[in-house]
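*Asks:* return atomic coordinates for the entry below.
(2 chains)
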Amino acid sequence: GENVEQHPSTLSVQEGDSAVIKCTYSDSASNYFPWYKQELGKGPQLIIDIRSNVGEKKDQRIAVTLNKTAKHFSLHITETQPEDSAVYFCAGGDSNYQLIWGAGTKLIIKP
Amino acid sequence: GAGVSQSPSNKVTEKGKDVELRCDPISGHTALYWYRQSLGQGLEFLIYFQGNSAPDKSGLPSDRFSAERTGGSVSTLTIQRTQQEDSAVYLCASSLAAGAYPLNEKLFFGSGTQLSVL
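*Replies:* As a prediction, this is how the structure comes out:
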């Protein structure tokens, strides 16, 4: 079955710098890769997703890149702000089975 | 309601007791999920309801766990004879599931129920 690994588990960056979180997956059939942001005491919220027919997707300061050959995808946050501090989860799946989730990355934005 | 509502937000129980957790999804969302999140861990899938189809129970960790979804709306997750290892945040999510790939759509999560088993 699918396995999704996420790195790093904790990431600390200076405000204004960029942050990159990486995930790898094992099932080459996976074709849907969302990223969720979870703030303290709340449920996760979708921030961006990508399907396997594209290599990159961008939404303002957030972008996701997908390398199908290497089976990894990454979340890029530019010009980080204090409100970006949260736990970020990646996930992978296809239309036939439930999403498999990474273990999460705690992102800390230092003022 | 405006979002997915879960109750209670916190539940403390004694080992061996039964608990019921409630989820009220977004109106019109046909898909409903239950997940478990242990401290510092990712999301563990428990069960999935989609319309009138038989639920996908493949994630339930033991027969002490069960869930119902009445009338295609509100869902209840029941844990019988709770154990300390059941302590976690239980998250409910719903989605519209109107497209060709209902498992690959945006999930809307509630704030969860923090379950503590003493």
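
*Asks:* alpha carbons only for contacts and neighbour counts from here, please
*Replies:* Fine.

*Asks:* can you tell me the closest non-neighbouring residue to A:Phe82?
*Replies:* Phe isn't right for residue A:82; it's Pro. A:Ile109 (5.6 Å; C-alpha to C-alpha, 6 or more residues apart in numbering or on different chains).

*Asks:* ok, that neighbour touching A:Ser18?
*Replies:* No: under the criterion of C-alpha atoms under 8 Å, A:Ile109 makes no contact with A:Ser18, lying 10.0 Å away.

*Asks:* between those two, what contacts are shared?
*Replies:* A:Thr80 (C-alpha atoms under 8 Å, 6 or more residues apart in numbering or on different chains).

*Asks:* so between those two, which is more surrounded?
*Replies:* A:Ile109 (20 against 15; other C-alpha atoms under 10 Å in any protein chain shown).

*Asks:* so what strands line up beside the strand or helix carrying the more buried one?
*Replies:* For A:Ile109, the host element (DSSP states H and E) is strand A:105-110. With DSSP bridges as the test, strand A:105-110 is paired with strand A:10-14 (parallel), strand A:86-92 (antiparallel).

*Asks:* get me the contact residues on chain A for chain B.
*Replies:* Residues of chain A lying close to chain B by C-alpha under 8 Å from any C-alpha of the partner chain are A:32, A:41-46, A:89, A:93-99, A:101-104.

*Asks:* quick check: A:Leu99 vs A:His72, distance?
*Replies:* Here the criterion is C-alpha to C-alpha, to the nearest Å. By it, A:Leu99 lies 15 Å from A:His72.

*Asks:* can you pick out the residue with more neighbours from those two?
*Replies:* Of the pair A:Leu99 and A:His72, A:Leu99 is the one with more neighbours under other C-alpha under 10 Å, namely 24 against 18.

*Asks:* residues contacting the more buried one?
*Replies:* By C-alpha under 8 Å, 6+ apart, the neighbours of A:Leu99 are A:91-93, B:103-104.

*Asks:* excluding chain neighbours, what is closest to the residue most central in space within chain B?
*Replies:* In chain B, the residue lying closest to the centroid (C-alpha atoms, centre = their mean) is B:Trp34, at 2.6 Å. Nearest non-adjacent residue to B:Trp34, counting by C-alpha to C-alpha, 6+ apart: B:Cys92, 4.6 Å away.

*Asks:* now B:Ala67
*Replies:* Nearest residue to B:Ala67 in three dimensions, chain neighbours excluded: B:Leu77, at 4.3 Å (C-alpha to C-alpha, 6+ apart).

*Asks:* quick one: contacts for the one you found?
*Replies:* With contact set as C-alpha under 8 Å, 6+ apart, B:Leu77 has these partners: B:20-22, B:34, B:65-68.

*Asks:* and for residue 65, the neighbour number?
*Replies:* All of this is about chain A. Using other C-alpha under 10 Å, A:Thr65 is surrounded by 19 other residues.

*Asks:* you answered for a different chain; I wanted chain B.
*Replies:* If we define neighbours as other C-alpha under 10 Å, then B:Phe65 has 20 of them.

*Asks:* bridging residues for the residue lying closest to it once chain neighbours are set aside?
*Replies:* The shortest distance from B:Phe65 to any non-neighbouring residue, by C-alpha to C-alpha, 6+ apart, is to B:Ile79 (4.7 Å). With DSSP bridges as the criterion, B:Ile79 is bridged to B:Val19, B:Phe65.

*Asks:* residues touching B:Ile79, list them.
*Replies:* Taking C-alpha under 8 Å, 6+ apart, one finds B:18-20, B:64-66 in contact with B:Ile79.

*Asks:* so how far is chain A from it?
*Replies:* As for B:Ile79, its distance to chain A is 21 Å (criterion: C-alpha to the nearest C-alpha, to the nearest Å).
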